[in-house]
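Asker: Give me coordinates for this.
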Amino acid sequence: QVQLVESGGGLVQAGGSLRLSCAASGRTFSSYFMGWFRQAPGKEREFVAAISRSGTSIDGADSVKGRFIISRDNAKNTVFLQMNSLKPEDTAVYYCAADSRIITVASTISNWGQGTQVTVSS
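Answerer: Numbers count the residues shown, from 1 in each chain. So this is what the prediction gives:
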């Protein structure tokens, strides 16, 4: 098991930027694939971005490609999500995820953070 704590959410105007962080503790951080998901009110939790254990391979949802960047620092047990050119439709609770397998869908994730709210005003 690994414990995940997100931070960095908040209120921002459209076009602005935020950087989310997720600090992990527990088992060896570098053994986990890491990812970010988000859930807006009344909607299912959706995939945002994922990163491999070494950080050399990343993936992102089409809706955020070119705007969001996922990265990780294995020395600091932390994964980041840099969010640029934010839109009102990016408003959601953002969750950090960790799994021993490649991250693709929410239903297969074994470790979740508590979430952090991101609100983008128009």
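
Asker: Enumerate every residue touching the residue most central in space within the chain.
Answerer: Most central in the chain under CA atoms, centre = their mean is W36, positioned 2.3 Å from the mean C-alpha point. Shown in contact with W36 (CB atoms under 8 Å, 6 or more residues apart in numbering): L20, C22, V48, A49, A50, I70, V79, L81, Y94, Y95, C96, A97. The way it works is simple: take the backbone N, C-alpha and C, and place the C-beta from them, glycine included.

Asker: now it, what's its secondary structure?
Answerer: The assignment at W36 comes out as strand when based on DSSP: H, G, I helix; E, B strand; the rest coil.

Asker: Could you find the closest non-adjacent residue to it?
Answerer: V48 (4.3 Å; CB to CB, 6 or more residues apart in numbering).

Asker: what's the distance between G16 and T108?
Answerer: Going from G16 to T108 by CB to CB, to the nearest Å gives 32 Å.

Asker: returning to what we had before: beta-bridge partners for the residue nearest to the centre of the chain, please?
Answerer: A49, C96 (DSSP bridges).
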